[in-house]
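A.B. asks: Dropping a prediction and its sequence here:
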Protein chains: 2
Amino acid sequence: MSIATEVRQLGRHDGASVTVRGWVQTTRTHGKVAFVVVRDGTGIVQCVVVQKQVPPAAWELCGALTQESSVAVTGSVRADARAPGGYELAVQDLVLIGPSAEYPIQPKEHGVDFLLDNRHLWLRSSQQRAIMRVRNEVEQAIHDFFYQREFVRIDTPILTAAIGEGGAGLFEVDYFDERAYLTQTGQLYAEAAAAALGKVYCFGPTFRAEKSKTRRHLTEFWMVEPEVAWNDSADNMRLQEDFVSYIVERALARCRDELAILERDTAPLERVAPPFPRIEYAEAIRVLQARGHEIEWGADLGAPDETVLASDYDRPLFVMNYPREAKAFYMKENPADPRTVLCDDLLAPEGYGEIIGGSQREDDYDRLLRRIRAENLPEAAYGWYLDLRRYGTFPHSGFGLGVERTVAWITGRPHIRELIPFPRMLTRIYP
Amino acid sequence: MSIATEVRQLGRHDGASVTVRGWVQTTRTHGKVAFVVVRDGTGIVQCVVVQKQVPPAAWELCGALTQESSVAVTGSVRADARAPGGYELAVQDLVLIGPSAEYPIQPKEHGVDFLLDNRHLWLRSSQQRAIMRVRNEVEQAIHDFFYQREFVRIDTPILTAAIGEGGAGLFEVDYFDERAYLTQTGQLYAEAAAAALGKVYCFGPTFRAEKSKTRRHLTEFWMVEPEVAWNDSADNMRLQEDFVSYIVERALARCRDELAILERDTAPLERVAPPFPRIEYAEAIRVLQARGHEIEWGADLGAPDETVLASDYDRPLFVMNYPREAKAFYMKENPADPRTVLCDDLLAPEGYGEIIGGSQREDDYDRLLRRIRAENLPEAAYGWYLDLRRYGTFPHSGFGLGVERTVAWITGRPHIRELIPFPRMLTRIYP
């Protein structure tokens, strides 16, 4: 007789008798009335149990329910402006599906290591659920942005033969009788696809075997990397500001409730719109030196440098054209100053740091080969990559946006370990 | 003076002078007129060069152009019903960007090993480009389907501590001082997220270190795996038929040109609509035995078995409720016949075989623990997975659809190595 439904759909059944299945968040009893708050994944609903209106077994169960027990609640839907979602259930029956004795995560402060050890359960808490919904919106926005602009998604390989950015650590894999490595970037493969399909992007997990334990590093993280034939570095930055603005706009438009749960002040996000300010690396160094930072021309910027630079602006900041030595081998030499390369880092405001690294790619065969040799990269592994400059080379540019860093900024969370469902770090591979 | 544009946009510039940049596919000269076909990734356009209408250098270049040279062509756009895309360029100037001497892939038959060695260039050929566009459409359709139904995407980890399906081979990774393994499935993690968010899915690469060299195996392949709280096995199959029908419909609606390039007979695809036929495993065995297959109750179905079963139907076929021994440890015991589990395989028609494996999950703690022990799985690694049955267990179901196998079926390609940009196989990790 009752209709099985989701909490999110209760409004469609106002006055009707429905059954909702979910997990008990809290219970509270006042004499002969009990209030059970149930979460079913689509929303939370308060269930009002009046002793004389339910079978004795249901009333008894009410007093014994523990956090995260799973239940089926049957009741009539009634509008209540004070209720989350605008509806509550006047309970007719309540049945236990699965008990939950001594649930590890209690409504109190836990240490983060304990929470990470119980990540499979921690995901059930309201802030973590809100974060996952924002991440979902950001990822769909990423796909929609490129789909609408007729990019072709290319799934680049995870297992590779020693090809990547160079520098940072590679994870090694036993690949039958060979050694393989987990990818650090899909970019090089995306470049090959750009020569076939013009505008492409990859979206997937990437890996860095770095022994760093900062709040901005994971060993496994997700990146989106568009690559566009015929785009120069200036085109590339225009694409970046359009892209980032679109993502932020989508999150603001469709994740209001989640950002409220996370107590995110959205005013700074409302200001994110093109054009973003642009400064040259050389200017960045002058600014930093004037503020007393001990940094010399030639060094890469550190996180504290980025925070100071970005704090002068109310939207993301491009820092352009870094010294060649500070950047990856594949970036194109800057004709205006050959000590530098045509590249950009995009720094999020409010201290969230770099969310994008982008560049025009070196399209000259000889220059690229020299760079590969200068960096002592395994030349044989880069043979196919050099082919892209041998057969109809073409100006092209692209960038990589870190998903977790972007969601950290949008949700206002300082540590990126919370922005991915199951973080992988130096000492964490479980659960 | 000329407008830089993409081939796909030529129709917007009818009569105007534009510049297109791309790669030379073919050239042909008739006296004082030459025809250069250029691909820019968004489309292909025929460029008509009349000697007296272009600078001498451009005419000279015309005769010297080789396959896959990159060029910038300036010309006026004119409608031509016979041209692909409906427009051609009356050339005013032609400039070489990058030469291409002795391009390895010629317009003739090459062996597949040679083509795979040159996968970074093979992607430029018209059939491979069409395949990648269909794959792109299928992937966007996957995301749109779940987004519209308010599923939350969950990116499950690639690096795991020995947890998975059991059975098939795991790739080992040196993870600092520990051993880690590349994921075989995101399902177990998706189950944890389903208890938090109700309806979730993961989409990403998965790995099998199997030494099989069949046309249906890759060591690295992409899967989409939805998981839904409160769904039973029958709900699960309804979701599958809706999902598969939606994907096929999107490909038919939006990839007409690509399917034509691939010479795919689309009539069988037009018939794909719910409901799909369903047969029990036991019935499948009877059918196969009646056809002379040497198969006994208890064995998993092989590819030839699947082909024969599917050939009786004009749309995908569900085979349900396999013997426990033939399937993974996490599937729920079938109350109607405890020798079997509540599961389904979805077999594509026309001999394309299994594209989905799905099941209701075992939600009883004790039964699940017995299964983990019976299969000698590392119990410690499954501790968090057992927790999902300890704290508010819940009926739930889900499935995994293989992206490459699905695109193989839709595009009508027999070997899945062509359906992924850079295939990884037993002896192939390059390029």
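C.D. replies: Perfect, I can see it now.
A.B. asks: Can you give me the buried ones in stretch A:328-346?
C.D. replies: Buried residues in stretch A:328-346, defined by neighbour count with 16 or more other Cβ atoms under 10 Å in any protein chain shown: A:328-334, A:340-346. Every C-beta, even on glycine, is put in place using the N, C-alpha and C of the backbone.
A.B. asks: which residue ranges form the helices in the stretch 301-431 of chain A?
C.D. replies: Taking DSSP state H, counting those that start in this stretch as the criterion, the stretch 301-431 of chain A contains helices spanning A:303-310, A:365-374, A:383-390, A:403-411.
A.B. asks: As TSV, those with mean neighbour count and distance to chain B would be great.
C.D. replies: Formatted as TSV, those follow (neighbours: other Cβ atoms under 10 Å in any protein chain shown; distance: least, Cβ to the nearest Cβ, whole Å):
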stretch	mean neighbour count	distance to chain B
helix A:303-310	19	23
helix A:365-374	15	9
helix A:383-390	19	4
helix A:403-411	25	8
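A.B. asks: Dump the buried residues of stretch A:328-346 to TSV, plus pLDDT.
C.D. replies: Output for these, formatted as TSV (pLDDT from 0 to 100):
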residue	pLDDT
A:A328	94
A:F329	95
A:Y330	97
A:M331	98
A:K332	98
A:E333	96
A:N334	97
A:T340	98
A:V341	98
A:L342	98
A:C343	98
A:D344	98
A:D345	98
A:L346	98
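A.B. asks: The stretch 151-300 of chain A against chain B: which residues are in contact?
C.D. replies: Taking Cβ under 8 Å from any Cβ of the partner chain as the measure of proximity, the stretch 151-300 of chain A contacts chain B at A:152-161, A:171-176, A:178, A:180, A:182, A:189, A:192-199, A:204-205, A:207, A:209, A:211, A:219-220, A:222, A:229-230.
A.B. asks: what ranges of the stretch 101-250 of chain A fall below the confidence cut-off?
C.D. replies: A:165-168 (pLDDT under 70).
A.B. asks: ok and the residue in it nearest chain B?
C.D. replies: A:G198 (2.0 Å; Cβ to the nearest Cβ).
A.B. asks: If you drop the residues flanking it in sequence, what lies closest to that residue?
C.D. replies: Closest residue to A:G198 apart from its sequence neighbours, by Cβ to Cβ, 6 or more residues apart in numbering or on different chains: B:G41 at 2.0 Å.
A.B. asks: The one you found reaches B:S70, doesn't it?
C.D. replies: No: using Cβ atoms under 8 Å, B:G41 is not in contact with B:S70, being 11.3 Å away.
A.B. asks: returning to that earlier point: narrow the residues of the stretch 151-300 of chain A next to chain B to those in helices?
C.D. replies: A:189, A:192-197 (DSSP state H).
A.B. asks: Tell me how many other residues crowd A:F35.
C.D. replies: Close neighbours of A:F35, defined as other Cβ atoms under 10 Å in any protein chain shown, add up to 16.
A.B. asks: which non-adjacent residue is nearest it?
C.D. replies: A:R28 (5.0 Å).
A.B. asks: Can you show me the strands along the stretch 51-200 of chain A?
C.D. replies: For the stretch 51-200 of chain A, strands defined by DSSP state E, counting those that start in this stretch occupy the ranges A:70-79, A:87-98, A:152-153, A:159-160, A:172-175, A:178-182, A:199-207.
A.B. asks: by contact count, what packs against the fifth one?
C.D. replies: With contacts defined as 3 or more Cβ pairs under 8 Å, 6 or more residues apart in numbering or on different chains; DSSP states H and E, the packing partners of strand A:172-175 are strand A:178-182, strand B:172-175.
A.B. asks: how about the last one: buried residues?
C.D. replies: Buried residues in strand B:172-175, defined by neighbour count with 16+ other Cβ under 10 Å: B:172-173, B:175.
A.B. asks: Ok, the longest one next?
C.D. replies: If you call a residue buried by 16+ other Cβ under 10 Å, then strand A:178-182 has these buried ones: A:180-182.
A.B. asks: Make TSV from the residues you listed and add distance to A:R8 to it.
C.D. replies: Listed next are the buried residues of strand A:178-182 as TSV, based on distance: Cβ to Cβ, whole Å:
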residue	distance to A:R8
A:A180	44
A:Y181	44
A:L182	38
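A.B. asks: Can you pull out the residues in contact with stretch A:80-91?
C.D. replies: Stretch A:80-91 is contacted from outside by A:7-8, A:10-11, A:14, A:18, A:20, A:36, A:43-50, A:53-54, A:58, A:73-79, using Cβ atoms under 8 Å, 6 or more residues apart in numbering or on different chains.
A.B. asks: Endpoints of that stretch, how far apart?
C.D. replies: 14 Å (Cα to Cα, to the nearest Å).
A.B. asks: try stretch A:146-154
C.D. replies: 12 Å.
A.B. asks: list the buried ones in that stretch?
C.D. replies: For stretch A:146-154, a neighbour-count test (16+ other Cβ under 10 Å) marks A:146-147, A:150-154 as buried.
A.B. asks: can you check stretch A:308-319 too?
C.D. replies: Of the residues in stretch A:308-319, those buried (16+ other Cβ under 10 Å) are A:308-310, A:315-319.
A.B. asks: Closest one to B:R250 out of the residues you listed, please.
C.D. replies: Of all the buried residues of stretch A:308-319, B:R250 sits closest to A:P316, with 34.1 Å by Cβ to Cβ.
A.B. asks: The closest one: what's it in contact with?
C.D. replies: Neighbouring residues of A:P316 by Cβ under 8 Å, 6+ apart: A:241, A:244, A:272, A:276, A:310, A:346-349, A:355.
A.B. asks: Tell me the one of these nearest chain B?
C.D. replies: For those, the nearest to chain B is A:I355 (17.3 Å; Cβ to the nearest Cβ).
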